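Peer 1: what follows is a predicted structure for the sequence shown.
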Amino acid sequence: MIYFTIHQDQRILNSPELVFSKQDIEELKQFPTEENVFASKIIYVKSKLMKRIDFPDLIDTPILLISEKLKLLMSKYQKNIWMRTVVLIERETNQQTIYYAIYPPKLPCASKQSIYDRRQEIKEFVLDEEKVGCNRIFVAVGLEKKLIVRLDVAESILRRKSNGIIFQEIKNEKTGM
């Protein structure tokens, strides 16, 4: 099977710039508990170019946020993904856009063929497909900031004409790609 990392397209010049405190980000990085999973979080955004903001379907910095369209799609492909509502508000126009902080399963799925640097951080990641199991959407231990999707999920995202997402194929132990 073929897998991809998905990233925010940095070529979108007027993507939202998140205005947040360290406490906001730390709160959203924490896995949701039963008490706060239904609590919405408000984050203010501003335009980088003083124009109307172009909201991509994926924001990957400083936390992983996905649009309503991606939430609905990913929920169909994998049931064990926790999500928490995040409302992005642009103060100038009072425009509100709903996103979701996503908490996919974290899998130790690096192959023995992966290459590590001196600090034991992954320099070149190679996926061990057997460790992935039936997961279609996940994060690999060691690549926490990169969401990984299986080919069928990537194709579904592309069919829905998603905005602001780049796919990068992952080397796989079986395919060698």
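Peer 2: That came through, no problem.
Peer 1: could you dump the helix or strand encompassing Glu27 to PDB, C-alpha only?
Peer 2: Glu27 belongs to helix 22-29 when assigned by DSSP states H and E. What follows is helix 22-29 as a C-alpha-only set of coordinates in PDB (Å, rounded to 0.1, in the frame of the first residue of the first chain):
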ATOM      1  CA  LYS A  22       1.500  29.400  24.700                       C
ATOM      2  CA  GLN A  23      -1.300  28.300  27.100                       C
ATOM      3  CA  ASP A  24      -3.800  28.000  24.100                       C
ATOM      4  CA  ILE A  25      -1.400  25.800  22.200                       C
ATOM      5  CA  GLU A  26      -0.400  23.600  25.100                       C
ATOM      6  CA  GLU A  27      -4.100  23.100  25.900                       C
ATOM      7  CA  LEU A  28      -4.800  22.100  22.300                       C
ATOM      8  CA  LYS A  29      -1.700  19.800  22.200                       C
END
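Peer 1: buried sites along that helix?
Peer 2: Buried residues in helix 22-29, counted by 16 or more other CB atoms under 10 Å: Asp24, Glu27, Leu28. From N, CA and C alone the C-beta is placed, and that goes for glycine too.
Peer 1: what does stretch 49-57 give?
Peer 2: Residues of stretch 49-57 classed as buried under the neighbour-count rule (16+ other CB under 10 Å) are Ile53, Phe55, Pro56, Asp57.
Peer 1: next, the closest residue to Ala101 other than its chain neighbours: phi, psi?
Peer 2: Counting by CB to CB, 6 or more residues apart in numbering, Arg84 is the residue found nearest to Ala101 once chain neighbours are left out, at 4.6 Å. Main-chain dihedrals, Arg84, degrees, to the nearest 10: phi -130, psi 130.
Peer 1: do you know how far Arg84 is from Leu18?
Peer 2: 15 Å (CB to CB, to the nearest Å).
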